[in-house]
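Enquirer: Just a sequence and a predicted model for now, questions to come.
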Amino acid sequence: MWNNITSCTLWRLSPSFMASRIQTLTPLFIRNYKDFCKNKHTIWTLRNSLCQVMKKTVPTLKCNTIPHRFLSNKARYGQYTKTFPVLDGSIPSVCEHVFEENLRNSEACIQRYSELLCKVSKGGGENAILRHTQRNKKLLVRERLRMLLDDETFLELSPFAGFDLPYGDVPAAGCLTGIGKICGVWCVFMANDATVKGGTIYPISVKKQLRAQQIAVQNRLLLVYLVDSGGAFLPLQAELFPDQSHGGRVFYNEAIMSAMKIPQVAVVCGSCTAGGAYVPTMAEETVIVDKIGSMFLAGPPLVKAATGEDISPEDLGGASMHSKVSGCVDHFASSEKEAYECVRNIILTLNYELPPEETLEYDDPLYSAEELLGLAPRGYSYTLHIKPGSHFVQLCSQRSIPILFLQNTAPHAPEPTSLSQAEDHTNRLKAQASMMAAVACAAVPKITLVIGGCYGNESYAMCGRSFDPNFLFLWPNARVALVDSKHISTFPQARDDDCTGDDSELMHLKEKLEEESSAFHSSARLWDDGIILPQNSRKVIAQCLTIMKQQKYQIASLQHNPVIRL
Ligand code: COA
């Protein structure tokens, strides 16, 4: 279908086993796959990555064209092995060096991933942590989440957001977002980290919060805000205030989500200054923590400057004032612990219908997930013929089967150099347009995992960010760019006006593009929902499927909602 076999792999996911299984390959795909395999030896990487991934998830190919929840495993899959034969997952010895190269590259990427994760987990650094815990007597954001959530198996989103931006490092964009269970209900959480510049909001923090709200809407998940923020990060106010997707959009979304009957609960567990004060005020139910939580549009220093009056934060906008006088909050909690218990109680009273407990039965993968590291592609030197996959996407849509896109699109040279290449381009254009239309209109949950390249227009057809997948993750080896740095010299437009076009400038451009293509660069800017390790892919995808499944049981009616644009 696409110019790399892994990119054309669309997995069918069983609706009844959504949470645990990646089910079967399309027959169309298998046909194409066999054709591909007759040709090049480099298909090894592609073939094996497919085989290995598949064998890890489905030791025997499985079909769900009939309701199979009533069948035993053997009956369910045994009868389809003729139509869906098990692919050979072994690695030809001639290609082992590719595996080794991929492995080395993956290890280097994972090392960078681990170092960065360690850095991010320290928030604003030692001094800020001391100030937060010793002087301000507050819990750290991860301790708060531990008290709020049922367990630690939450799905954290975009932890690398805010890394190495033009305006500096903003660890985790100063705000943790993710999806975790509270009293058995999957909830999106959005929690300021006040160790990062007092929890103030940078442009990247706004983007992260808007994405969390979008996930809540798209998957109809309730939202919990833990607010501890000094409001706008003032030096960047021009990038935070006036535009449509700036700070005000968070409040607009809160109102729209309420109208959509998506419950929102807030905890005031620190300062909520200026814009920060609207988040809890607009939530449906709000808990404030005594002596720790405060809300005001302008804090005591500004009051002093404006009126000359000395007033304490507690008197100006503390827990007692807001729960007894202003009515901005609904619940008074004497400690943080009590506040999170209160939130859990609120969620218990939402009259939320939950999916029935399922005993999921599935086979373990045949191979160790660690082997995926050798299958994470490092290079994109070979391409395959395009086969349109739109019909398959339409079938999934008609049958309400979620789609997992394993994206590995290869970069293309910009201009055709022969007639046959020109024809190829034209055919590709038509096929891509058809696939894009099918993907955009497929009314089923979609998850995109970029396992290698995310290059140019083909990435749209494989459900890139602009095609609104419910979730989009990257492996650390992923490359994200419109064009490959190797082709930069063939793009006359790549040179700016001052560029004389000598080799050193070209080299500089190439290095810049190389750096900008890294998975970390992408994740820092929130072009995705985070980087995940290849060996954790199965777990994360299963988690996403379970999360998405919850919406079927939500009390809110899906009809009669106002049009929402997040
Ligand atoms: N913009 C930019 N930086 C801010 C900031 C803001 N709105 N609010 C706080 N900071 C910075 C501080 O300069 C300090 O930076 P440093 O660590 O480099 O010294 C850091 O955040 C922590 O602030 P600090 O006041 O030392 O911590 P605190 O825990 O005592 O208080 C706040 C935190 C948020 C309660 C307090 O800083 C505050 O009230 N800030 C002003 C909030 C405000 O008026 N916002 C208006 C936005 S429109």
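Expert: That came through fine. Residues are numbered from 1 along each chain as shown.
Enquirer: what sits against whichever residue of the stretch 351-500 of the chain sits closest to the ligand?
Expert: As assessed by C-beta to the nearest ligand atom, the ligand sits closest to Arg465 within the stretch 351-500 of the chain, at 29.5 Å. Just so you know, the C-beta spots here come from the backbone N, C-alpha and C atoms, and that holds for glycine as well. Arg465 is in contact with 472, 527-528, counting by C-beta atoms under 8 Å, 6 or more residues apart in numbering.
Enquirer: Against Glu156, how distant is it?
Expert: 19 Å (C-beta to C-beta, to the nearest Å).
Enquirer: same thing with Thr273?
Expert: Look at Thr273 and Glu156: by C-beta to C-beta, they are 26 Å apart.
Enquirer: Then Asp243?
Expert: Note on Asp243: its distance to Glu156, by C-beta to C-beta, is 28 Å.
Enquirer: And the residue of the stretch 351-500 of the chain closest to the ligand, how far from Leu472?
Expert: 6 Å.
Enquirer: Now the common contact residues for these two.
Expert: Common contacts of Arg465 and Leu472 (C-beta under 8 Å, 6+ apart): Asp528.
Enquirer: and the nearest residue to Ile129 once chain neighbours are set aside, what is it in contact with?
Expert: Distance criterion C-beta to C-beta, 6 or more residues apart in numbering; nearest residue to Ile129, sequence neighbours excluded, is Thr195 at 5.3 Å. If you count contacts by C-beta under 8 Å, 6+ apart, Thr195 has them with 123-125, 128-129, 131-132, 140-141.
Enquirer: overlap between those and the residues near the ligand?
Expert: Restricting these to those adjacent to the ligand (criterion: C-beta under 6 Å from any ligand atom) gives Arg131.
Enquirer: And the buried ones among the contacts of Thr195, selectable in PyMOL?
Expert: Burial among the contacts of Thr195 is assessed by 16 or more other C-beta atoms under 10 Å; the matching PyMOL selection reads:
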select buried, resi 123+124+128+132+141
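Enquirer: Just the contacts of Thr195: which are in helices?
Expert: Of the contacts of Thr195, the ones assigned to helices by DSSP state H are 128-129, 141.
Enquirer: pLDDT for those - can I get that in CSV?
Expert: Below are the ones in helices among the contacts of Thr195 laid out as CSV (pLDDT from 0 to 100):
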residue, pLDDT
Ala128, 98
Ile129, 98
Val141, 98
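Enquirer: Out of those, the closest to the ligand would be?
Expert: The ligand lies nearest to Ala128 out of those, by C-beta to the nearest ligand atom, at 6.1 Å.
Enquirer: show me the residues around that closest one that make contact.
Expert: The contact partners of Ala128, by C-beta under 8 Å, 6+ apart, come to 195-196.
Enquirer: Please repeat the previous calculation with a cut-off of 7 Å.
Expert: With contacts defined as C-beta atoms under 7 Å, 6 or more residues apart in numbering, the neighbours of Ala128 are Thr195.
Enquirer: count of neighbours near the residue in the stretch 101-250 of the chain positioned nearest to the ligand?
Expert: For the stretch 101-250 of the chain, the residue closest to the ligand is Gly230, as judged by C-beta to the nearest ligand atom, at 2.6 Å. Per other C-beta atoms under 10 Å, the neighbour tally for Gly230 reads 22.
Enquirer: In contact with it, which residues?
Expert: Taking C-beta under 7 Å, 6+ apart as the contact definition, Gly230 lies against 198-200, 271, 273, 276.
Enquirer: let's see it at 8 Å
Expert: Contacts of Gly230 (C-beta under 8 Å, 6+ apart): 194, 197-200, 271, 273-274, 276.
Enquirer: Keep only those that also lie close to the ligand.
Expert: 197-198, 200, 271, 273-274.
Enquirer: Skipping its backbone neighbours, what lies nearest the residue of the stretch 101-250 of the chain closest to the ligand in space?
Expert: Closest residue in space to Gly230, ignoring its immediate chain neighbours: Gly198 at 3.8 Å, by C-beta to C-beta, 6+ apart.
Enquirer: just checking, that neighbour touches Ala274?
Expert: No - the pair Gly198 / Ala274 is not scored as a contact, 11.7 Å apart, by C-beta atoms under 8 Å.
Enquirer: Can you pull the residues of this protein lying near the ligand?
Expert: For the chain, the residues found near the ligand under the criterion C-beta under 6 Å from any ligand atom are 131, 136, 197-198, 200, 230-234, 271, 273-274, 299.
Enquirer: circling back to that earlier point, among the contacts of Thr195, which one lies nearest to Glu107?
Expert: Nearest to Glu107 among the contacts of Thr195: Gly123, at 27.4 Å, using C-beta to C-beta.
Enquirer: what's the closest non-adjacent residue to the closest one?
Expert: Using C-beta to C-beta, 6+ apart, the closest residue to Gly123 is Thr195 (3.9 Å).
Enquirer: measure Leu210 to Arg220 for me?
Expert: Distance from Leu210 to Arg220, counting by C-beta to C-beta: 17 Å.
Enquirer: ok, the closest residue to the ligand within the stretch 401-550 of the chain - contacts?
Expert: Residue nearest to the ligand within the stretch 401-550 of the chain: Ala524 (20.3 Å; C-beta to the nearest ligand atom). By C-beta under 8 Å, 6+ apart, Ala524 lies in contact with 160-165, 204.
Enquirer: helices or strands next to the longest helix along the chain in the packing?
Expert: Longest helix in the chain by number of residues, with DSSP H as the criterion: helix 96-121. When contacts are defined as 3 or more C-beta pairs under 8 Å, 6 or more residues apart in numbering; DSSP states H and E, helix 96-121 sits against helix 43-57, helix 519-524.
Enquirer: Flag every buried residue along it.
Expert: By 16+ other C-beta under 10 Å, the buried positions in helix 96-121 come out as 98-99, 102-103, 105-106, 109-110, 113, 116, 120.
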